[in-house]
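> The following comprises the amino acid sequence and a computationally predicted model.
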Amino acid sequence: MRALRQPLCVLFSVCAFSFALHAGDNATSPANHAQDLSNLPPETAKLTAGYRNQLLGIATNFNEAIKTLPCAYLNQLAELRTQLQHSGELDGFLAVNKEVKRFNDAIKGDADPFEKIPEMPESVLVDKPDVLRKQQEQYRKLYIAQIDLRHKRVEDASNVYIKQLDVLQIELTKKDRIRDAVAIKNVVAELRKSLADESLVSQALALMQKAAPVSRAPVASGPPAIPVFGQAPEWSKWTYIRNGNFAREGYLFRHPDLPDQLLLDFNERNGRGRIEGRCEVESMLVDMRQRSWFGKAMEWQVKDLSTLNATFVLQARDIAAGEGSGPAAHLVLLTEKGVPLGEGLDVTLMWHDATLTITKDAEANKCALCWVEGKGKDAKKIVNLPANGGVLVRFGITVHNPGERCNTSITMQ
């Protein structure tokens with residue numbers, strides 16, 4: 001806060017320089033500092049205006065990046081509350097209800113200027129249930145990542161600004177405008193000092209907040225919507241067709257002889273769902289072939305292949321004992337007639353978190369299926385896409401050995 005108490009010059013005036021630069025006992029008085037600024041050559045006005053515009057752009061980008069976080073968080077809480085209710089976990093259900101009220105009150109109330117994240121300070125993080133604590137920590141993680149990125153961009157812009165002044169000082173020296181060059185040299189020295197102790201960045205952030213304050217408007221209530229982070233996700237342009245019983249072998253889908261042994265609850269609008277249940281069937285003959293990995297899957301039709309980009313974030317409460325066990329996740333692309341386009345991605349869920357992605361190559365008619373946390377050839381599959389027509393995206397989860405349990409949440413991004 002020391003830096004914010006110093007006298008601030010008018011950064012956002014194109015005719016003035018930027019900051020009060022001294023701190024502590026040796027600080028330049030406001031009167032003397034104003035006189036120093038009046039001696040700066042007119043060429044500094046253009047550089048200051050450019051710096052100002054950069055800071056405003058950084059502030060705007062930050063506000064755009066975080067404005068959807070509260071809505072997405074409340075959607076996650078709504079989904080979590082439903083899951084806890086269905087599983088009969090009363091304490092967890094009540095804890096989520098309490099958090100929804102607390103968060104809405106925090107969003108609608110006045111921001112605490114001493115908190116990095118006013119609506120989610122560390123003091124409100126719960127101990128139980130674990131799933132709620134994880135959602136709170138994820139919110140903080142996303143928010144702090146944007147704060148750190150903003151800080152880095154302000155530092156970079158300040159460094160560029162200082163280097164521009166250095167160049168101007170050299171040019172003025174060559175033109176025998178020594179007095180102007182000395183004035184710039186003195187101010188640049190103070191800017192560098194302030195940049196080193198971060199007071200320059202602190203003052204820039206404070207002024208950015210005044211020029212482009214973060215909106216804390218109340219979050220609209222209602223049914224969960226498609227989570228939007230800057231723009232509508234590509235998968236929201238796909239057509240959700242259906243879900244049904246699924247077998248890993250051959251990625252067999254909705255065959256009448258497939259066993260029905262897992263439950264699927266999926267919201268096609270917000271891309272969130274859960275597959276859970278217990279393995280009851282070890283093996284059986286289906287469609288003239290012995291199969292032993294059974295579960296549930298979902299299917300989308302993608303007509304515009306340029307939108308073939310999506311991320312499936314999985315959280316598995318029950319994890320597999322090893323490669324020969326379930327649960328396991330499966331992601332495959334097929335022709336519109338249901339023929340697999342090459343090898344799909346099969347991931348045994350031996351950890352609580354897994355991320356599967358579909359990424360379209362913008363310059364070629366290819367697509368990559370990736371398991372983000374995995375390694376080796378099984379973590380990435382390259383698929384050649386058809387020259388004409390669309391494709392089907394099929395995502396499912398299976399179990400393998402009798403008695404195995406599955407409880408996996410799905411979040412599309």
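Perfect, I can see it now.
> C-alpha coordinates for stretch 365-384, CSV please?
Provided in CSV are the C-alpha atoms of stretch 365-384 (Å, rounded to 0.1, in the frame of the first residue of the first chain):
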residue,chain,number,x,y,z
ASN,A,365,-7.9,-32.4,-42.7
LYS,A,366,-6.7,-34.1,-39.6
CYS,A,367,-7.6,-34.1,-35.9
ALA,A,368,-5.7,-35.1,-32.8
LEU,A,369,-7.3,-37.0,-29.8
CYS,A,370,-5.1,-36.4,-26.8
TRP,A,371,-4.9,-37.5,-23.2
VAL,A,372,-3.3,-34.4,-21.6
GLU,A,373,-1.8,-36.1,-18.6
GLY,A,374,-0.6,-39.2,-20.5
LYS,A,375,2.6,-40.2,-22.1
GLY,A,376,3.6,-42.3,-25.1
LYS,A,377,1.8,-43.3,-28.2
ASP,A,378,-1.4,-44.2,-26.3
ALA,A,379,-1.8,-40.6,-25.2
LYS,A,380,-2.3,-39.2,-28.7
LYS,A,381,-4.1,-40.4,-31.8
ILE,A,382,-4.1,-38.7,-35.1
VAL,A,383,-7.3,-39.1,-37.1
ASN,A,384,-7.7,-38.4,-40.8
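> Now that stretch: buried residues?
367, 369, 370, 371, 374, 380, 381, 383 (16 or more other CB atoms under 10 Å). Yep, even glycine has a C-beta here, placed from its N, CA and C like the rest.
> Other residues contacting it?
305, 308, 331-333, 341-347, 351, 353-361, 385-387 (CB atoms under 8 Å, 6 or more residues apart in numbering).
> which among the residues you listed end up buried?
Taking 16+ other CB under 10 Å as the criterion, what is buried in the contacts of stretch 365-384 is 308, 331-333, 341, 344-347, 354-358, 360, 385.
> ok, those residues vs residue 287, which is closest?
residue 332 (16.5 Å; CB to CB).
> hang on, isn't the closest one packed against residue 344?
Yes - using CB atoms under 8 Å, residue 332 is in contact with residue 344, at 3.1 Å.
> which neighbours do those two share?
Contact criterion CB under 8 Å, 6+ apart; residues shared by residue 332 and residue 344: 251, 369, 394.
> List the ones among these that fall in strands.
Of the shared contacts of residue 332 and residue 344, the ones assigned to strands by DSSP state E are 369, 394.
> Quickly list the domain ranges of the chain.
The record's domain parsing of the chain by automatic domain parsing lists 1-220, 234-412.
> for these, which one ends up most surrounded?
The highest mean neighbour count among the domains of the chain, using mean count of other CB atoms under 10 Å, belongs to domain 234-412: a mean of 18.
> Distance from the chain centre to it, please.
23 Å (CA atoms, centre = their mean, to the nearest Å).
> model confidence over it, on average?
For domain 234-412, the mean per-residue pLDDT is 91.
> Between the two ends of that domain, what distance do you get?
End-to-end span of domain 234-412 (CA to CA, to the nearest Å): 10 Å.
> Which members of the contacts of stretch 365-384 are positioned in strands?
In strands, judged by DSSP E, the following of the contacts of stretch 365-384 are found: 331-333, 345-347, 353-360.
> Among the buried residues of stretch 365-384, which lie within strands?
367, 369, 370, 371, 380, 381, 383.
> Next up, the contacts around residue 315.
Neighbour list for residue 315: 134, 352, 353, 408, 409, 411 [criterion: CB under 8 Å, 6+ apart].
> Repeat the analysis, applying 6 Å as the threshold.
353, 409 (CB atoms under 6 Å, 6 or more residues apart in numbering).
> from the buried residues of stretch 365-384, which is closest to residue 49?
Within those, proximity to residue 49 (CB to CB) peaks at residue 370, which comes in at 44.2 Å.
> On the pLDDT front, check the residue of the chain positioned farthest from its centre for me.
In the chain, the greatest distance from the average C-alpha position (CA atoms, centre = their mean) is reached by residue 176, at 52.4 Å. For residue 176, the pLDDT comes out at 93.
> Helix, strand, or coil at it?
Here residue 176 is coil, with the state taken from DSSP: H, G, I helix; E, B strand; the rest coil.
> got the phi/psi numbers for it?
Dihedral angles of residue 176 (phi, psi; degrees, to the nearest 10) stand at phi 60, psi 30.
> Tell me what residue 302 is bridged to.
For residue 302, the beta-bridge partners are residue 391 (DSSP bridges).
> For it, give its distance to residue 389.
10 Å (CB to CB, to the nearest Å).
> Same check on residue 371?
Counting by CB to CB, the gap from residue 371 to residue 389 is 27 Å.
> now residue 156
45 Å.
> follow-up on the earlier one: return the member of the buried residues of stretch 365-384 nearest to residue 56.
Using CB to CB, residue 370 comes nearest to residue 56 of the buried residues of stretch 365-384, at 37.0 Å.
> any idea how far stretch 90-103 is from the chain center?
Its chain's C-alpha centre lies 24 Å from the corresponding centre of stretch 90-103 when counted by CA atoms, centre = their mean.
> Give me the contact list for it.
Residues from elsewhere that reach stretch 90-103, judged by CB under 6 Å, 6+ apart: 77, 80, 81, 84, 85, 129, 132.
> name the helices or strands packed onto the helix or strand encompassing residue 45?
Using DSSP states H and E, residue 45 sits in helix 43-66. Applying 3 or more CB pairs under 6 Å, 6 or more residues apart in numbering; DSSP states H and E, one finds that helix 43-66 contacts helix 130-174, helix 199-211.
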